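**Q** sharing a sequence plus its predicted fold:
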Amino acid sequence: MSSHFFALFSRMKYIDRWSLMRNTDTESLSQHSFDVSAIAHALAVIGNRRLGKSYDTGKIALTGMYHDMPEIITGDMPTPVKYYNTEIREAFGSIEKAAQRSLLSTLPEDLREDYREYLIPDETDESYRLVKAADKISALLKCMLEEKSGNTEFIKAKEATEKSLHDMNCPEAEIFLGEFLQSFSLVLDTVLSKEEE
C-alpha cells in the first residue's frame with residue numbers, strides 16, 4: 001500500500017506564511033521550516049558547547065523541520081488570529097493535534113514510531129523550547145527582511161516577536177541573536193568579505 005506522507009510534506013512549498021500581511025518577499029512554509037531546522041540545530045549546539053547541556057542536536061533539527069507540517073491540513077493561521085482569545089487558541093490547538101495524528105497515520109505502520117517524536121513532540125521537553133525559540137528567530141528575520149525592503153507592515157510584528165523571544169528567557173537564543181543577528185542586516189559583499197568588521 002502506498003504512503004502519502006512525503007507527497008504531503010512536499011506540499012509545504014505551496015503554503016505561504018504571513019497571509020494577512022503585505023509581503024515584499026513571499027515566504028513558503030518549506031523555507032520557514034528549513035530555517036527553523038537550521039536555527040534550532042544551532043541553538044542546540046550552542047547549548048551543548050557553551051552551556052553544558054546535552055541536547056540531541058539531530059532530534060531538535062528534525063523537530064524543527066517537521067514542526068509546522070500540520071499546516072498542510074490547517075493552513076497558516078496568522079498569530080493575531082490564533083491567539084485572539086483563549087477559546088480560539090484552545091480550538092486551534094485541538095485542530096493542530098488532530099492534524100498531527102492524521103499526518104502520522106499516513107506513514108506505513110512500521111515507520112510511525114520513528115516519526116512520532118518529530119510530528120507530535122513533547123512540548124514540555126526542554127529541547128522543544130529551542131524549536132519554539134528558533135521559530136520566533138525565523139519570524140524575526142522575516143520581519144527584518146521586510147523592514148529592510150521598506151515595508152512598514154511588519155514593524156509591529158517585529159516588536160512583538162522580539163519581546164516574545166526575550167520573554168522566553170532562552171540563553172541559547174540570546175547568544176544566537178548576539179552573534180548572528182547583525183549579519184542579516186548587511187549586504188552580501190560585506191557578509192562575504194574576509195575583513196573583520
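**A** Received it, and whenever you're ready, just let me know what you need.
**Q** tell me the helices and strands packed up against the helix or strand of the chain at the bottom of the mean pLDDT ranking.
**A** When the helices and strands of the chain are compared on mean pLDDT, DSSP states H and E, helix 79-82 comes out lowest with a mean of 70. Here helix 79-82 touches helix 86-104, going by 3 or more C-beta pairs under 8 Å, 6 or more residues apart in numbering; DSSP states H and E. Bear in mind the C-beta positions are built from the backbone N, C-alpha and C, glycine included.
**Q** now do the end-to-end distance for stretch 75-84.
**A** End-to-end distance for stretch 75-84: 17 Å, by C-alpha to C-alpha, to the nearest Å.
**Q** so where's the protein uncertain?
**A** The chain contains residues with pLDDT under 70 at 78, 80, 195-197.
**Q** show me which residues of the least confident helix or strand of the chain are buried.
**A** Buried residues in helix 79-82, defined by neighbour count with 16 or more other C-beta atoms under 10 Å: none.
**Q** how about that helix as PDB, C-alpha atoms only?
**A** Extracted as PDB, the C-alpha positions of helix 79-82 are listed here (Å, rounded to 0.1, in the frame of the first residue of the first chain):
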ATOM      1  CA  THR A  79      -0.600  34.700  15.100                       C
ATOM      2  CA  PRO A  80      -3.000  37.500  15.900                       C
ATOM      3  CA  VAL A  81      -5.900  35.200  14.900                       C
ATOM      4  CA  LYS A  82      -4.600  32.100  16.600                       C
END
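**Q** measure residue 158 to residue 133 for me?
**A** In this view, residue 158 and residue 133 are 16 Å apart by C-beta to C-beta, to the nearest Å.
**Q** same check, this time on residue 92
**A** Using C-beta to C-beta, one gets 21 Å for the distance from residue 92 to residue 133.
**Q** so these two - more neighbours on which side?
**A** residue 133 (25 against 16; other C-beta atoms under 10 Å).
**Q** what's the closest non-adjacent residue to the more buried one?
**A** Closest residue to residue 133 apart from its sequence neighbours, by C-beta to C-beta, 6 or more residues apart in numbering: residue 173 at 4.1 Å.
**Q** what does residue 11 give?
**A** Excluding the flanking residues, the one nearest residue 11 by C-beta to C-beta, 6+ apart is residue 72, at 5.6 Å.
**Q** re the thing from before, neighbouring contacts of the helix or strand hosting the residue nearest to residue 133?
**A** Using DSSP states H and E, residue 173 sits within helix 171-180. Identification of contacts with helix 171-180 by C-beta atoms under 8 Å, 6 or more residues apart in numbering yields 39, 42-44, 46-47, 50-51, 130, 133-134, 136-137, 165-166.
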